[in-house]
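K.L.:
The following block contains a protein sequence and its predicted model.
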Amino acid sequence: MEAAEQVFSRKGYREATLDEIIRIADTGKGTVYKYYKNKATLFYTLVKEKNAPFVKELQSIEKADLLFTEKLKNYYLTVLRFVERNYVIWQVLLFEITAGTNGWRLVRHENDDGYDVDVRWGDMPSEEQINFIKKYYEIFLSELVVLEDIIAEGVKNKTIKPSNDLRAMTANIYFGLIMMVFQHTDKKVKLEDLVDMLVDRFMNGYKI
């Protein structure tokens, strides 16, 4: 896993090779192929193992006895710190679920955990293609649904206004956070200050 993270972080998914990972890990091909049948399996395992403790951390924020704004701040800061630590890996992950779809996307059902395939152009994807994208999409979804619960609680407690489309609003906030990390080039700006500004804008808008 350490060798895989090193290679994927340096080269991305497309250019990384199992041979290089095996060489850096200083192990035999037979050992690697016993557990990971190909590069895709190894990358997915790496992402999933990184994501599991991260999601637990987010869930503990959602369950904590805190004010809505404090939960929002803690969620934002935890996401930003995590993605900053795993900058290239999460860029690769995001690229895989967008560039890899070739004109189609997965759309969550409004009231359950199912998906529709929305084809914008090109052919209908195969079941194999859908399942490949879906498993990566669900990595992001496991992080995003925690924010949905936090926002829903804020609506229920009448801290914030209800939304006509809670899922769309939450997705916009979440992926906006992810992109903010990729665009956060001024390291003089502390993440804590960035989060304070984001929550203030969310709660109070831009009016003076």
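P.N.:
Looks like it came in fine. Residues are numbered from 1 along each chain as shown.
K.L.:
shaky segments in this protein?
P.N.:
99-101, 184-187 (pLDDT under 70).
K.L.:
separation between the most centrally placed residue in the chain and Thr170?
P.N.:
Closest to where the C-alpha atoms of the chain average out (CA atoms, centre = their mean) is Phe140, at 3.5 Å. Distance from Phe140 to Thr170, counting by CB to CB, to the nearest Å: 12 Å. (Glycine included, C-beta is placed from N, CA and C.)
K.L.:
can you pull out the strands in the protein?
P.N.:
When assigned using DSSP state E, the strands of the chain occupy the ranges 104-108, 115-119.
K.L.:
would a markdown table of those with distance to Ile22 and mean neighbour count be doable?
P.N.:
Output for the strands of the chain, formatted as a markdown table (distance: least, CB to CB, whole Å; neighbours: other CB atoms under 10 Å):
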| stretch | distance to Ile22 | mean neighbour count |
| --- | --- | --- |
| strand 104-108 | 33 | 16 |
| strand 115-119 | 35 | 13 |
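K.L.:
Output the longest helix belonging to the chain.
P.N.:
Across the chain, the longest stretch assigned as helix under DSSP state H is helix 127-156.
K.L.:
tell me which strands and helices it is in contact with?
P.N.:
Helices and strands touching helix 127-156, as assessed by 3 or more CB pairs under 8 Å, 6 or more residues apart in numbering; DSSP states H and E, comprise helix 39-63, helix 68-85, helix 87-98, strand 104-108, helix 166-183.
K.L.:
With distance to Gly154 added, can I get these in JSON lines?
P.N.:
JSON lines is the format used below for the helices and strands packed on helix 127-156 (distance: least, CB to CB, whole Å):
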{"stretch": "helix 39-63", "distance to Gly154": "11"}
{"stretch": "helix 68-85", "distance to Gly154": "4"}
{"stretch": "helix 87-98", "distance to Gly154": "26"}
{"stretch": "strand 104-108", "distance to Gly154": "21"}
{"stretch": "helix 166-183", "distance to Gly154": "10"}
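K.L.:
and of these, who's closest to Val7?
P.N.:
helix 39-63 (9.7 Å; CB to CB).
K.L.:
quick one, that closest one and helix 87-98 angle?
P.N.:
100 degrees (axes from the mean of the first three to the mean of the last three CA atoms, to 10 degrees).
K.L.:
other SSEs contacting helix 39-63?
P.N.:
When contacts are defined as 3+ CB pairs under 8 Å, 6+ apart, helix 39-63 packs onto helix 2-15, helix 18-25, helix 68-85, helix 87-98, helix 127-156.
K.L.:
Surely Phe95 is in contact with Phe8?
P.N.:
No. Between Phe95 and Phe8 there is no contact, the gap being 11.6 Å when judged by CB atoms under 8 Å.
K.L.:
These two - which one has more neighbours?
P.N.:
Counted by other CB atoms under 10 Å, Phe95 and Phe8 do not tie: Phe8 has more neighbours, with 22 against 14.
K.L.:
Wait, the more buried one touches Val92, no?
P.N.:
Yes. Using CB under 8 Å, Phe8 is in contact with Val92, at 6.3 Å.
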